Structures are given as C-alpha cells and as structure tokens.
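Student: Need a 3D model of the sequence below.
(chains A, B, C, D, E and F)
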4 protein chains.
Amino acid sequence: MGETEDKVRTPQQERSIKTKEAIIQAAMKLFSEKGYHNTNTKQISAAAGVSTGSFYSYFTDKRAVFIDSLKLYNENLLARVDASLGEVDFKSMDKHTAIAHMVDSLLESHQVYSEFHKELAVMYNSDKEIQSLMDEQFDLGRRKTLSYLQQGQGDLKVEDLEAASWVVFEALNSIVDMIVFSPRNVSADRLKNELVRMIVVYLYK
Amino acid sequence: MGETEDKVRTPQQERSIKTKEAIIQAAMKLFSEKGYHNTNTKQISAAAGVSTGSFYSYFTDKRAVFIDSLKLYNENLLARVDASLGEVDFKSMDKHTAIAHMVDSLLESHQVYSEFHKELAVMYNSDKEIQSLMDEQFDLGRRKTLSYLQQGQGDLKVEDLEAASWVVFEALNSIVDMIVFSPRNVSADRLKNELVRMIVVYLYK
Amino acid sequence: MGETEDKVRTPQQERSIKTKEAIIQAAMKLFSEKGYHNTNTKQISAAAGVSTGSFYSYFTDKRAVFIDSLKLYNENLLARVDASLGEVDFKSMDKHTAIAHMVDSLLESHQVYSEFHKELAVMYNSDKEIQSLMDEQFDLGRRKTLSYLQQGQGDLKVEDLEAASWVVFEALNSIVDMIVFSPRNVSADRLKNELVRMIVVYLYK
Amino acid sequence: MGETEDKVRTPQQERSIKTKEAIIQAAMKLFSEKGYHNTNTKQISAAAGVSTGSFYSYFTDKRAVFIDSLKLYNENLLARVDASLGEVDFKSMDKHTAIAHMVDSLLESHQVYSEFHKELAVMYNSDKEIQSLMDEQFDLGRRKTLSYLQQGQGDLKVEDLEAASWVVFEALNSIVDMIVFSPRNVSADRLKNELVRMIVVYLYK
DNA sequence: AATGAATGAGAGTTCATTCAT
DNA sequence: GATGAATGAACTCTCATTCAT
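Tutor: Residues are numbered from 1 along each chain as shown, chains lettered A, B, ... in the order given. Below you'll find the predicted structure:
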C-alpha cells in the first residue's frame, strides 16, 4: 500500500466515505442480480451515481469492489446471526427448540442476501483472497456455533467436539442452502425437521 | 433445408469422433485448472490439438462443450460410485462399517475429478440447463443412497425417509467436499469418523 | 487458364456435366433465397448433393459459381424474351399494342427469376467481370429492342435512334422493376398504361 | 435500469459530436469506395481516427452507421435538389428548358455522391429499414417532382398524373444514373436530349 | 476532484478453401 | 475422384482501464 498510496483514495472526508459506500452497495446489488461476470464497471458507476473515472479513484479494479462487497456481506451476516442467537437463552430451552432456533436464524440470514450468497459460490475458486475471506467467515461461524453448542455441554455425547463443529456447521450450512435454493418435491418444514433431528440426536444424549 | 442443419458436425468418421473427445477432454482439463470464465475457446482448441474452426464444427459454443464435459463427468462419477457400492453387501456388515464404506467411496470419487467438481459449484447458478443436469445427477445419487440405506430398513428409526434422504445425501456430499477441499487443522479421519457417526446415530436404532 | 488447367475440372463426361449443372442450379436457388453473402459453399454443395471438396473441383471459388449462375440467368432471360417477342408480328399491330406486348414480356421475365434479379443489383458493383457480363446483357437487350422498334421505322419520329434505344430500354427496365418490386399505392395496370403511353408518344408519330 | 440504457452513447459533449460525425464521414467514404460488404468496422474506425471501442460506443453495429450515412445522404441530396429547383421559375420557361433544368439538377446531385449512390442500389434489398428509408426518399422526390410538373398543369396532357409521376420520376432517376455511371459509346448530351424530349412529349400538349 | 470519451487487447465466431484419407 | 474434416485469417463486438479536459 506504500507505493500506490495516492492511486486509490482512502476516504477520510464524509462525502468521500458515502460515495465509497454507495459504490459498494450498487455493486452488491448488481452482482446479486446479474452476477459478477455480467456486471461491468460502467453499470456499477452509473448505479452509484458516479462516473467510471471516479470509480477508479475509490477502487483499484473491479475485483476490489467485489472484495469490499464480500466484507460488508460477511459483517452483516454475522451481525444478523449474532442478534438472532443472542436473543435466546440456550439453557432455558430443550435441545430441539434451541437447534431449531439456530436453523431458523441461518435460514433467515441466507434468505436476506440469497442472491449475493449464490454469487459467492461462483467466485470462491476464482481468487485466493476471496477464498480466504470466505474461509475465515466460515471458521468464525463455526466457532460461534461451537460455543453456542457448548452452552449445553453437560448433555453432549460427542467427544471430538472440534471435528463435530466442522461437521455440524457444514451440514447446517449446506442443508440450509439446499432448503433455500434447490427445487424439491419435499417441503421445507419436513427437511428442517429432519435436519434438526439429525443434529440433536448426533450431539446430545 | 433447416437453418441449423449443418451447423454442428455429428461425428461419423472415426477421426471425427476422436477429435470431439479430444476437445471434451481438453476442455475438462482447462475448466478444472483455470475455471470456465478464464478458459477461452482458442485455448481449448489448442490444448486439443485442433483449430478454432474445428472446435466450432463440433460445438456451437463454449457453453456446449461445458455441458458435454458435465455429462461425461456425471457418467464417470456414477459408474465409479456404482462400482464401489456394488462390491459390498450391506446386510453382512454392521451399520457403521457400511456407512463408512459409503463415505469412502464418495471421498474417492470426489478426489478423482476434484478440480472439475469444484468448477461445477461455480457454474451451477449460471445456466438453467447446467443446473438441471446437476439437479438430475444429485437426485439420482440421492435415490441410490436411499435404496442403499433401505437395505438396512428393519433397523431404521427415521420415519420421514424421503426427507431424510435429502438431508443425508446433502450432508454427505458437502462434508465430503469439505474434507477433500477445505484447509483445516483437523484431520480427515477425525472428520470422517464424526460424519459417519452422525449419519448412523441419526438413521438407525 | 494454362497453368491451372488441372485444378478445375472442365467436365467432359456426362455425369460430370450434370454435377456441374446441379451445383449451378443449387447456387442460383440459394443466392436468390438468401443472397450471395448469406450463402456459403457448404450449403451450396449440400444442396447440390456433393461434398465441399467436389465443389472446388468444379469451381475455383464461390465467385466462379456466381458468374456461371449469372451466365445461365442471362441465357434463360434472353431466350424467354426472344420467344415472347418472336411470337408476334409488329407490323400487323398498332404501336400501342406492340409496345404493351413488349412490356408484358419484360414483366413476365422479371417475375420468373425476380429474386435472382434482385441479387444482381447487390453484386453489380462488387466485381469487374460480373459488371461487364451484366453490361453486355443490357446491351444485347438494348440492341434487340432497337431492332424491334425499327420494325415500325416508317412511323418513328425520333431522329437519334441510338440514343433513344438507351433511353427507352433503361426506362422500360427500371419501370418494369419498379412495378414488380416496389410497394406503391398505384396499381400495376395504371403504371403499365402510362409507361406504354410514354414510349409510344415519344417514339412514334 | 433498462437493459440497453448505456449501450450507445448519445453525444452531448462537443468532442463526442465531432467523433460521431467523423465516423459517419469515414464510413460513407469507405462504403463508397469499397462497398458495404468489403468494409469492416476496424477500417471505419481507423479511417475516422478512433478506436474500434469508440465506434461501438456510437453505433450498435456496422448496419447502424450505414443507416446514419444514408440519412445524411438523403438530407444532403434533398437540400441540393431543392436549392437547384428553387432557383428557377417554371412558368417563365418553356417546357423543354424547364425539364432540361430538372435533369441537370438531378445529374449534378447524382454526381456529387455518385459512389455512395451506387452502393445504395447494393443495399436496397438487404434490409427492411434501409429499404423503407430509401422508399421514403424516393417518394419525397416523386412528390416534389409532381408538384414541380403541376406548375405547368394547364398544358399537361396526361390524365393519370399520379401514375405519371411514378413513371416519370423512375425514368428520370434511372436514366440519370445510367448517364452518370454506365459506359457507353453515346454521349451524355445526346442521352440527356432524348430523355428531356421523352418527358416533354409524354407530359405536355 | 470529477467526468466520460477513448482505448485496444482479446473474446467468440464464421467460412472460403485445402488436404489427408 | 470423392469426401468431409481441418484450417486459420478475418470479423464483429465487449469492457476493464486510462487520460484529456
């Protein structure tokens, strides 16, 4: 960042910050609607109400605005999940209700930015930095899940809790994705019910 | 007299068939290595040892060769899983061993074409036809899994077996993917062990 | 032609002649239907029932088959006009009937190969040889017209008959074209009637 | 938010307007010299001194620039004919002089853009929009001619003046074309003289 | 600082022609 | 002689990025 410091503006003035955010929002919207490869910088700039020239004074390139969109997405998603999980007290519930609550909050989160979430799958393999941002996010989620589960630790029957957290979190995420996105002839409720049962039976006595 | 009659060559001569296969192989390789969006038809043609003109006499466009690659991948994968599952008798094994065998055969399959498999995730959302080809493949896999599981039906404790098959198959696939692809500080064996346990405990008495 | 004599076959065997004619016919049909630039050699070959390779043993290139189509068109058109004009005796008719008969025979000729005729306009400027073939044809037509008109010479009032033949033939051709091709809100009969009147009044006492 | 909103630049800045005009001029020149089908967008761009990218920000494709060239040509031609016909008073002339004047003004117009004019014949059949633009232009010319001729109405002997206007205008145009373009062994003056005589004798008592 | 016109490499695609079989 | 697969130059069009104003 030392050598290119005056190429890309690091916004300090308030207006500048707002412009940058407007670009990120516009980009997120367009990436969600049409995908990264079908969105061009001219469209992003126009949607954000700035010129293409300005776009390039806020971001080095198109990839950079995607990365910032991803970071914003990650922050929002975490906040949302935190809020949702924070509002309940695990100990005062039975396990099934607690896990069901967790699944619901994941379902809700996946639905809010569902299109952007889809686009992430497309981008995952295309870039190391994107990949590691997403891996970090996954890991953060996994650790949160782990600590959530550990609230009911007295009743856990799994021994390798670390491995279990990977397995459970991946299962939760992928099956929630499936519920949200895949066409099926089986209702979401039935799937959710089985998912919750699988997790509960697996983890608890 | 139709408009599209002579657009795409339907190979009849042996040479022609070989050329078509060479193009598909080359395409699969490049899509796996660099991704669909970073591979162009010139590169595919060159890798297959043919001219761009030839490419376009076998395939209408880049998308078409991807679809043929996908079909080939699907066929190979199914054959591989069938072979692997067919060689064991579920009834003569305890549940844990049987499911472990299944996970092993999925792991092996995912490893063979691992890079192409990754690329599929990228492409899933980009095209209706690709999506439905993959959905079909998923469904076929799910139904095979279901019937495999039903061999031990006497001991099943799940009631909604249809919903269970979706949940189990998605969990299996995504966690196997994770084991193959994601960087972790937890060994594959530990993850595999928990995965098998989760499935067994969930399904059987 | 000396140096390339074995590149392009000069058909002597009967089958060979038939093949060449089949190609010309197919080409004419396709050029008429879709235009020279939208017809490719593969389509011509297929329509003629030969391979592209064979096409090139009968014609040096695509242009050559167009030129042969043009020659055939010219021959057919002349034969048709000759037949039509030959069947009447100018002297036994009044001038108006005679010119009307001539216009009718031109109208009929233009209608038969109307689409190919249109395509000629497209090609006229693209090639010197095509241009001179068409110019020759025009001149031949003009001279025939001239001699036809001269049958009623006793009554002609024009003095510069040579210049008149250019003017009359061009007027006839272009107005007949207009009648055949252009969309108007004036009936063909009214136009034909005026055309005939214009020619008659101009030429004869 | 539309799909095509930002595809083609609508020039606002002065520089932009100049660029668009430069492209049209360059295109007209090249179409005239080498024909539409033998001119490509790269050549047009180069001749206009811009990049291919710029070309495509002003015109959707090659056809679009042809259409704009045609419109410009039509405007210029009409202005020229109007100016030429406007400068004389029909009533103060005898018929022969008046028609001769008209032919002269057409001759002059056809000579200015003669090559582009030729190319129009080529393009007429290739495109509905081009066709109707040319038809409109023809009709406009025909109606102007008609009203010009009607200035001497007292002496007209034709009854179906509408049909006559089609016939006369087509004859004028095509014969003027022939005078300008076709190689002959008859002088332009002799042809012009006969053309004028034909029109005068046909129309007037 | 902001603008948006301009750039040009590079993508996908076509087709007249050649040539191995 | 015939075939049709193969060739590759040429073409249209796009878009991330730059730069004159």
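Student: give me the residue from chain A nearest chain B.
Tutor: Closest residue of chain A to chain B, CB to the nearest CB: residue A:174 (3.5 Å). Placement of C-beta: from N, CA and C, glycine included.
Student: On the three-state scheme, that residue is what?
Tutor: helix (DSSP: H, G, I helix; E, B strand; the rest coil).
Student: right, and it touches residue B:171 too?
Tutor: Yes - using CB atoms under 8 Å, residue A:174 is in contact with residue B:171, at 7.0 Å.
Student: Compare those two (neighbour count), which wins?
Tutor: residue B:171 (25 against 19; other CB atoms under 10 Å in any protein chain shown).
Student: dump the residue contacts of the closest residue in space to that one that isn't next to it in sequence.
Tutor: Leaving aside its sequence neighbours, residue B:171 sits nearest to residue A:171 (CB to CB, 6 or more residues apart in numbering or on different chains; 4.4 Å). Going by CB atoms under 8 Å, 6 or more residues apart in numbering or on different chains, residue A:171 touches A:195, A:198, A:199, B:170, B:171, B:174, B:175, B:198.
Student: want to throw those residues into JSON lines with distance to DNA strand E, secondary structure and pLDDT?
Tutor: Putting the contacts of residue A:171 into JSON lines (distance: CB to the nearest atom of the strand, whole Å; DSSP: H, G, I helix; E, B strand; the rest coil; pLDDT from 0 to 100) gives the following:
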{"residue": "A:195", "distance to DNA strand E": "40", "secondary structure": "helix", "pLDDT": "97"}
{"residue": "A:198", "distance to DNA strand E": "42", "secondary structure": "helix", "pLDDT": "97"}
{"residue": "A:199", "distance to DNA strand E": "43", "secondary structure": "helix", "pLDDT": "96"}
{"residue": "B:170", "distance to DNA strand E": "32", "secondary structure": "helix", "pLDDT": "95"}
{"residue": "B:171", "distance to DNA strand E": "36", "secondary structure": "helix", "pLDDT": "96"}
{"residue": "B:174", "distance to DNA strand E": "30", "secondary structure": "helix", "pLDDT": "93"}
{"residue": "B:175", "distance to DNA strand E": "34", "secondary structure": "helix", "pLDDT": "96"}
{"residue": "B:198", "distance to DNA strand E": "42", "secondary structure": "helix", "pLDDT": "97"}
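Student: Got a quick ChimeraX command for the buried subset of these?
Tutor: Buried members of the contacts of residue A:171, defined by 16 or more other CB atoms under 10 Å in any protein chain shown, are picked up in ChimeraX with:
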select /A:195,198,199 /B:170,171,174,175,198
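Student: Now for chain A, the helix or strand with the poorest mean pLDDT.
Tutor: helix A:114-123 (a mean of 82; mean pLDDT, DSSP states H and E).
Student: How many neighbouring residues does the closest residue to residue A:112 other than its chain neighbours have?
Tutor: The shortest distance from residue A:112 to any non-neighbouring residue, by CB to CB, 6+ apart, is to residue A:80 (7.0 Å). For residue A:80, the number of neighbouring residues by other CB under 10 Å comes to 16.
Student: With residue A:167 instead?
Tutor: Residues within reach of residue A:167, counting by other CB under 10 Å, total 31.
Student: Would it be right to say that it lies in a helix?
Tutor: Yes - assessed by three-state DSSP, residue A:167 belongs to a helix.
Student: got a list of what the nearest residue to it once chain neighbours are set aside touches?
Tutor: Closest residue in space to residue A:167, ignoring its immediate chain neighbours: residue B:194 at 4.6 Å, by CB to CB, 6+ apart. With contacts defined as CB under 8 Å, 6+ apart, residue B:194 is in contact with A:158, A:160, A:163, A:164, A:166, A:167.
Student: and the strand or helix carrying residue B:194 with helix A:188-203, angle?
Tutor: Secondary structure from DSSP states H and E places residue B:194 in helix B:188-203. Orientation check (axes from the mean of the first three to the mean of the last three CA atoms, to 10 degrees): helix B:188-203 against helix A:188-203 gives 120 degrees.
Student: that older thread, does the residue nearest to residue A:112 count as helix, strand or coil?
Tutor: Residue A:80 ends up helix, using three-state DSSP.
Student: and if you look at the one 4 residues further on?
Tutor: In three-state terms, and counting by three-state DSSP, residue A:84 is helix.
Student: Model confidence for it, exactly?
Tutor: With respect to pLDDT, residue A:84 scores 79.
Student: picking that back up, how far does the helix holding residue B:194 sit from the chain's center?
Tutor: Taking the mean of its C-alpha atoms, helix B:188-203 sits 22 Å from the chain's own mean (CA atoms, centre = their mean, to the nearest Å).
Student: buried stuff in it?
Tutor: Within helix B:188-203, the residues scored as buried using 16+ other CB under 10 Å are B:190-203.
Student: Quickly list the domain ranges of chain A.
Tutor: Split into domains by automatic domain parsing, chain A comes to A:1-60, A:67-203.
Student: What residues does chain A have near DNA strand E?
Tutor: Chain A comes close to DNA strand E at residues A:9, A:15, A:16, A:19, A:50, A:51, A:52, A:53, A:54, A:56, A:57, as judged by CB under 7 Å from any atom of the strand.
Student: which element is the residue of chain A found nearest DNA strand E on?
Tutor: Across chain A, the shortest distance to DNA strand E (CB to the nearest atom of the strand) belongs to residue A:53, at 1.9 Å. For residue A:53, the element it lies in under DSSP H and E is helix A:52-58.
Student: quick one: that helix near chain D?
Tutor: No - judged by CB under 8 Å from any CB of the partner chain, helix A:52-58 makes no contact with chain D; its nearest approach is 10.4 Å.
Student: other SSEs contacting that helix?
Tutor: With contacts defined as 3 or more CB pairs under 8 Å, 6 or more residues apart in numbering or on different chains; DSSP states H and E, the packing partners of helix A:52-58 are helix A:14-34, helix A:41-48.
Student: Which of the ones you listed sits closest to DNA strand F?
Tutor: Among those, helix A:41-48 sits nearest to DNA strand F (CB to the nearest atom of the strand), with 3.9 Å.
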